[in-house]
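In: Sequence first, then the predicted structure, then my questions.
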Amino acid sequence: MTLNQSILTSVKGALGVTEADVSFDQEILMHINTAFATLNELGVGPDEGFAIEDKTVTWDALLGTDKRKNNVKTYTFLRVKFLFDPPATSFGITAVEKQIEQFEWRINTYREMTGWTDPTPPIILDDQDVLIDGGGA
């Protein structure tokens, strides 16, 4: 799977649906965009969110060239698979849920290591070293 591969086509392939079979595209697209909404909450993708409508959008549009984000592909597939064709047993459901949780943890940890912002506001002093804004009450 290359970074410039179609998101829809690659997810369909992972689900075992051929590219030519478009009968499930709307459902798969809906599930992909649901996964992207969760990824946005985890700090992946543009601030305004990310969604696809067809097979023309590629992974590099979402991930850029950072290969450390490749787990986003598997995470997206797991989310879509879980919604599109869930496991038949409670054991299978639990296993997939644990995989999804692990990917969410890893994605969040990576984002915190590379894009973390200190939530403590800076202390701003005027030219006589008088506190203008300390960010607190």
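Out: In hand now; what should we look at?
In: List of residues touching stretch 48-61?
Out: Applying Cβ atoms under 8 Å, 6 or more residues apart in numbering, the external contacts of stretch 48-61 come out as 1-10, 19, 25, 29, 32-33, 36-37, 39-40, 62, 73. In this view, the C-beta of every residue, glycine as well, is placed from N, C-alpha and C.
In: Go again with 10 Å.
Out: Outside stretch 48-61, the residues that touch it by Cβ atoms under 10 Å, 6 or more residues apart in numbering are 1-12, 19, 22, 25-26, 29-30, 32-34, 36-37, 39-41, 44-46, 62, 66, 69-70, 72-73, 76.
In: Pick out the residue closest to the middle of this structure.
Out: With distances taken as Cα atoms, centre = their mean, the residue of the chain nearest its centroid is residue 39 (2.8 Å).
In: residues touching it, list them.
Out: 45, 49-50, 62, 69, 72, 75-76, 79, 103-104, 107, 111.
In: Top of the residues you listed by number of neighbours, please.
Out: residue 76 (26 neighbours; other Cβ atoms under 10 Å).
In: sorry, back to before: out of the contacts of residue 39, what pair is the most spread apart?
Out: Farthest-apart pair in those is 49 and 103; separation 19.1 Å (Cβ to Cβ).
In: Can you report how many residues neighbour residue 112?
Out: Residue 112 - counted by other Cβ under 10 Å - has 12 other residues nearby.
In: what are the ranges of the helices in this protein?
Out: Assigned by DSSP state H, the chain shows helices spanning 7-15, 25-41, 59-63, 71-84, 90-115.
In: Now do the last one: distance to the chain's middle.
Out: Here helix 90-115 shows a centroid-to-chain-centroid distance of 11 Å under the convention Cα atoms, centre = their mean, to the nearest Å.
In: Could you name the helices and strands sitting against that helix?
Out: Judged by 3 or more Cβ pairs under 10 Å, 6 or more residues apart in numbering; DSSP states H and E, helix 90-115 is in contact with helix 25-41, helix 71-84.
In: let's see it at 7 Å
Out: Other helices and strands packing on helix 90-115, by 3 or more Cβ pairs under 7 Å, 6 or more residues apart in numbering; DSSP states H and E, are helix 71-84.
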